[in-house]
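Engineer: Could you work out the structure for the sequence below:
(one chain, ligands or ions: 1)
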Amino acid sequence: MDRESLFEEQRKRMVERQIVARGVRDPRVIQAMLKVPRHLFVPEPYRSEAYQDHPLPIGYGQTISQPYMVAAMTELLELTGDEKVLEIGTGSGYQAAILAELAREVYTVERIPELLERAKQVIESLGYTNVHFKLADGTLGWPEHAPFDRIIVTAAAPDIPQPLIDQLKPGGIMVIPVGSRYLQTLTKVIKKPNGKLQVKELFGCAFVPLIGEFGY
Ligand code: SAM
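Structural biologist: This is a model prediction of the structure:
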């Protein structure tokens, strides 16, 4: 079997055993996880582990999240295909590619230039034209393109950053790990049409810290 077919096999197994078996049901999310070649977002030395059940280093002290975490967070966003999504923490670009499959436009912000550049290259090489990249402190959001239908934060926040609350559309959903530097609770925030927030604390998780004005 050639290397690409082997990765495809591993990807199918990842989706069955790590994602569907743990309760992810949204068929569009499952389809996207089956399609996006996760190994291309993983640095070469770790590529053979790309479909295993854990996060992996991507350099600069950062990680590509565990596949299940990507799928679970994506499902929580309840995407239908027409949304404008803001992602904070581009990292490898893998989550952004999954979002690009499922939403209309993706705006992704990263604070480490080398990671942003690498993510941009991989995403563009795969032919996505609906992902927009910004090098900045994502705790400030991306005001020029606000408001957003959905916001996903893929780094650990001490609290929900106020600029992100302000940039979420009424009726919108934000998914964000909130807690200490080492342990957080995955939190789903729904902004009601009247602007009030409904905050649901879902399950424990461990992300690298969100560093910035409204972060650590
Ligand atoms: N979503 C990524 C992926 O698919 O590979 C995983 C992200 S990694 C767990 C968290 C990322 O958030 C790191 O790349 C880190 O540099 C970035 N980050 C931390 N604080 C940030 C901030 N204030 N603004 C933008 N990015 C930030």
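
Engineer: When you work out contacts or count neighbours from here on, use the C-alpha atoms and nothing else.
Structural biologist: OK.

Engineer: All the helices of this structure, in order from the start?
Structural biologist: 3-14, 27-35, 67-76, 94-102, 113-125, 162-167 (DSSP state H).

Engineer: Can you pull the residues of the protein lying near the ligand?
Structural biologist: Contact residues (Cα under 6 Å from any ligand atom) of the chain with the ligand: 62-65, 88-95, 109-112, 136-139, 154-155, 207-212.

Engineer: mind running it again at 5 Å?
Structural biologist: Contact residues, the chain versus the ligand (Cα under 5 Å from any ligand atom): 63-64, 89-95, 110-111, 137-139, 155, 210-212.

Engineer: The residues you listed, buried ones only, as a PyMOL selection?
Structural biologist: Selection of buried members from the residues of the chain next to the ligand for PyMOL, criterion 16 or more other Cα atoms under 10 Å:
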select buried, resi 63+64+89+90+91+92+93+94+95+110+111+137+138+139+155+210+211
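
Engineer: related to what we said a few turns ago, ok, which of the helices of the chain comes nearest residue 200?
Structural biologist: Proximity to residue 200 (Cα to Cα) singles out helix 67-76 among these, at 11.1 Å.

Engineer: what's in contact with that closest one?
Structural biologist: 14, 18-19, 24, 26, 29-30, 33, 51-55, 95, 99, 152, 175, 188 (Cα atoms under 8 Å, 6 or more residues apart in numbering).

Engineer: Narrow those residues to those that are buried.
Structural biologist: For the contacts of helix 67-76, buried by 16+ other Cα under 10 Å: 14, 18-19, 24, 26, 29-30, 33, 51-53, 55, 95, 99, 152, 175, 188.

Engineer: Let me know whether residue 132 touches residue 107 as I believe.
Structural biologist: Yes. Contact criterion Cα atoms under 8 Å: residue 132 and residue 107 qualify, at 4.8 Å.

Engineer: If you count surrounding residues, which of these two has more?
Structural biologist: Set side by side, residue 132 and residue 107 show more neighbours around residue 107, with 24 against 14, by other Cα atoms under 10 Å.

Engineer: and the more buried one, what pLDDT?
Structural biologist: At residue 107, the model reports a pLDDT of 99.

Engineer: Extract the C-alpha trace of stretch 177-187 and format it as CSV.
Structural biologist: In CSV, the C-alpha atoms belonging to stretch 177-187 read as follows (Å, rounded to 0.1, in the frame of the first residue of the first chain):
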residue,chain,number,x,y,z
PRO,A,177,-11.9,26.3,26.8
VAL,A,178,-12.0,28.4,30.0
GLY,A,179,-10.0,27.8,33.2
SER,A,180,-6.5,27.7,34.5
ARG,A,181,-3.3,27.5,32.5
TYR,A,182,-3.3,23.7,32.8
LEU,A,183,-6.9,22.5,33.0
GLN,A,184,-10.0,24.0,31.6
THR,A,185,-13.7,23.4,31.0
LEU,A,186,-14.9,23.4,27.4
THR,A,187,-17.6,26.0,27.3
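
Engineer: That one: which residues count as buried?
Structural biologist: By 16+ other Cα under 10 Å, the buried positions in stretch 177-187 come out as 177-181, 183-187.

Engineer: farthest-separated two in these?
Structural biologist: Pairwise distances across the buried residues of stretch 177-187 peak at 15.2 Å for 181 and 187 (criterion: Cα to Cα).

Engineer: Low-confidence ranges, the protein, go.
Structural biologist: The model of the chain has no residue with pLDDT under 70.

Engineer: what's the single longest strand in it?
Structural biologist: The residue-count maximum for a strand in the chain (DSSP state E) belongs to strand 168-179.
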